[in-house]
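Asks: task: produce atomic coordinates for the following.
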Amino acid sequence: MGSIFKKHSRWYIDYYQSDGKRVRKAVSKYREQAELALKKVEVEMAECKYLNVKKSKEITFKEFAEKYRRKHIQRRSRSADKQEWFLNGLIKYFGKRMMYEITVMEIDDYLEHRHEGRSASTVNRDLAMLKSMFSRANEWGDLVDYHPAKNIKLLFEDNERCRYLTDEEQDRLLSACSGMLRMIVLIALRTGLRWGEIVNLKWRQAPKSNYVDFEHNTVFVHESLAKSKKSRYIPLAPSVKHALLDYPQLSESGYIFVNPKTDKQIVTLKKSFRRALKKAKIEDFRFHDLRHCFASDLVRNGVDLFTVQKLLGHSSPKMTMRYAHLGNDHLRKAIQFLDEKNPYLFRDGHFLDTTAKNAIKL
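Replies: As a prediction, the model looks like this:
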């Protein structure tokens, strides 16, 4: 459970409390005393946990997960489908374990396993759900004073990535896609919608839904399905409108993108997207980067950052500022204007004043 280590001339004990808090404490300059202290702590924690276990319910993670699904996700969550996806992943890993048996180290191991090939934000969503589940378990009386995920810190999320494609690369990617994938990629490139916002699109207006309004040439994102929790309208590009009008309506559910085998919303097209990227010879690119392409194209064509912020649905201008450097043409023109306004020192690529030229060289 714990360990000992020496730092300078002192021996320390290192262990996790039952609530998940890590403790490092100096004990003695003698190793034997540190070992005895650690054993005492472990015995006390085991006795305390035993008493709490006797008060806690005999409930497996899977059993509690179904209760959590019913009482929390389905009743209170605004993004139930996404929450269900994360919950199912947790059930696969912890399903057979008793809730009171899951330790801090097991959760750490799970998060490390999940972080292989996945972003920090995805791992943090898993951890956030685990924290919520153990909190509800204590609140509902299934656990007593036991929360192993409570003090585990979220991973740092680097949201400053700004990978986008050139016009030629975008054409290559679209040519490498077909069917549903091509339609989804085109929408992402021309609207900046997130994956979840796209797969929730419906053919016509419906309560608490994203939909395409062909009459007014707009795409509506409902607040319950937006990351910012604010609804927004995006103008419908002619290329997207004509492509959608030619796209078959495959389901009576109203959703545009459905799995033909299940007649339900599409969940993922990761494999198809990776194959298309490979075919188009595009590296280091994620589906979410299509959103960066949309924003970058706007800024490079002179659209102001405030407008870009509204179209992307950013709650603050901070996230939109990552694209600011792409619209620097007006800054260059402002500097060039100084030379044009006062050509005394410099004109047509040549210095007119020899003294000034020599001074600049110095």
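
Asks: just how off-centre is stretch 117-134 within its chain?
Replies: For stretch 117-134, the separation from the chain centroid amounts to 10 Å (computed by CA atoms, centre = their mean, to the nearest Å).

Asks: correction: the previous question concerned stretch 210-223.
Replies: Distance, centroid of stretch 210-223 to centroid of chain: 24 Å (CA atoms, centre = their mean).

Asks: ok, and what's touching stretch 108-116?
Replies: Applying CB atoms under 8 Å, 6 or more residues apart in numbering, the contact partners of stretch 108-116 are 93-94, 122-123, 126-127, 152, 155. For every residue, glycine as well, the C-beta is placed using N, CA and C.

Asks: mind redoing it with 7 Å?
Replies: Stretch 108-116 is contacted from outside by 93, 123, 126-127, 152, using CB atoms under 7 Å, 6 or more residues apart in numbering.

Asks: quick one: contacts for Leu312?
Replies: By CB under 7 Å, 6+ apart, the neighbours of Leu312 are 192, 295, 320.

Asks: how about the first one: what's its closest non-neighbour residue?
Replies: Read it as Gly192. Leaving aside its sequence neighbours, Gly192 sits nearest to Phe294 (CB to CB, 6 or more residues apart in numbering; 3.7 Å).

Asks: ok, now which ones touch that neighbour?
Replies: Phe294 neighbours (CB under 7 Å, 6+ apart): 189-192.

Asks: among these, who's most crowded?
Replies: Thr191 (25 neighbours; other CB atoms under 10 Å).

Asks: isn't that one up against Ile234?
Replies: Yes. Between Thr191 and Ile234 there is a contact under CB atoms under 7 Å: 4.9 Å.

Asks: who touches both of those two?
Replies: Common neighbours of Thr191 and Ile234, counting by CB under 7 Å, 6+ apart, are Val219.

Asks: give me the number of residues near the nearest residue to Phe273 once chain neighbours are set aside?
Replies: Spatial nearest neighbour of Phe273, excluding adjacent residues (CB to CB, 6+ apart): Phe287 at 5.8 Å. Look at Phe287: counted by other CB under 10 Å, it has 18 neighbours.

Asks: quick one: least confident of the contacts of Leu312?
Replies: pLDDT across those is lowest for Thr320, at 78.

Asks: test my guess that it contacts Gly313.
Replies: No. When contacts are counted by CB under 7 Å, Thr320 is not listed as touching Gly313 (10.3 Å).

Asks: show me the shaky parts of the stretch 101-250 of the chain.
Replies: Applying pLDDT under 70 to the stretch 101-250 of the chain flags residues 157-162.

Asks: go again using 80 as the cut-off
Replies: For the stretch 101-250 of the chain, applying pLDDT under 80 flags the ranges 117-119, 156-162, 250.

Asks: would you map the strands across it?
Replies: 201-202, 210-213, 218-221, 232-235 (DSSP state E, counting those that start in this stretch).

Asks: what about Gln205, how many neighbours?
Replies: 12.

Asks: one more: Leu154?
Replies: Neighbour tally, Leu154, other CB under 10 Å: 14.

Asks: show the contacting residues for it.
Replies: 124, 127.

Asks: again, only using 6 Å
Replies: By CB atoms under 6 Å, 6 or more residues apart in numbering, the contact set of Leu154 is Asn124.

Asks: return the subset of the contacts of stretch 108-116 lying in helices.
Replies: The helices, defined by DSSP state H, take in 93, 123, 126-127 from the contacts of stretch 108-116.

Asks: buried subset of those, written for ChimeraX?
Replies: Here is the ChimeraX command that picks out the buried ones among those, judged by 16 or more other CB atoms under 10 Å:
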select :93,123,126,127
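
Asks: and which of the ones in helices among the contacts of stretch 108-116 is nearest Glu169?
Replies: The shortest gap between Glu169 and any of the ones in helices among the contacts of stretch 108-116 belongs to Val123, at 29.2 Å (CB to CB).

Asks: how close does the residue positioned nearest the centre of the chain sit to Leu193?
Replies: Residue closest to the average C-alpha location in the chain (CA atoms, centre = their mean): Ser121, at 4.2 Å. Going from Ser121 to Leu193 by CB to CB, to the nearest Å gives 18 Å.

Asks: go on, Lys96?
Replies: For Lys96 relative to Leu193 (CB to CB), the value is 39 Å.
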